[in-house]
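> Okay, structure incoming, though there's no sequence with it:
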């Protein structure tokens, strides 16, 4: 078994309507701890507006609140704008300190769409490394 490998954990909120609150729970793999280094998002207009390009990316007015299950302490004191914690795929948000999330833990996400007219499809990605747990040899 490899000691570590690259991993992206993601959650999605499809059809996040104006003023809606979306909730998701991400459960991390049982065979490895996750060392989280970067965070990225993609948001698209749910109405399939295909006119947006990488040069005209729209930053949606969405707030996010995250609570890891290993501490049950929110990662921010209030829900913050999406771009305060997530970058884009080309330029992801770099965590000031890597965050270790133990095997089998969860992360609860709550997002709020503050837009008054647009429904979004939102994807959030946690980018990092899985560190596989070492099997303890049985003692006789």
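That came through, no problem. Since the model is a prediction, treat every value here as computed from it, not as a measurement.
> Sketch out the low-pLDDT regions of the chain for me.
1, 49-56, 135-140 (pLDDT under 70).
> What segments of it are strands?
For the chain, the strands defined by DSSP state E cover 4-16, 21-27, 32-45, 62-68, 80-81, 93-101, 106-113, 120-132.
> List the neighbouring strands of the shortest one plus their orientation.
Neighbouring strands of strand 80-81 in its sheet, by DSSP bridges, are strand 62-68 (antiparallel).
> quick revisit: in JSON lines: the strands of the chain, plus mean neighbour count.
Backbone N, C-alpha and C define where each C-beta goes, glycine included. Listed next are the strands of the chain as JSON lines, based on neighbours: other C-beta atoms under 10 Å:
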{"stretch": "strand 4-16", "mean neighbour count": "15"}
{"stretch": "strand 21-27", "mean neighbour count": "14"}
{"stretch": "strand 32-45", "mean neighbour count": "19"}
{"stretch": "strand 62-68", "mean neighbour count": "20"}
{"stretch": "strand 80-81", "mean neighbour count": "14"}
{"stretch": "strand 93-101", "mean neighbour count": "14"}
{"stretch": "strand 106-113", "mean neighbour count": "19"}
{"stretch": "strand 120-132", "mean neighbour count": "20"}
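> Can I get those strands in JSON lines including distance to residue 74?
Compiled in JSON lines, those are given as follows (distance: least, C-beta to C-beta, whole Å):
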{"stretch": "strand 4-16", "distance to residue 74": "16"}
{"stretch": "strand 21-27", "distance to residue 74": "14"}
{"stretch": "strand 32-45", "distance to residue 74": "15"}
{"stretch": "strand 62-68", "distance to residue 74": "5"}
{"stretch": "strand 80-81", "distance to residue 74": "10"}
{"stretch": "strand 93-101", "distance to residue 74": "13"}
{"stretch": "strand 106-113", "distance to residue 74": "9"}
{"stretch": "strand 120-132", "distance to residue 74": "16"}
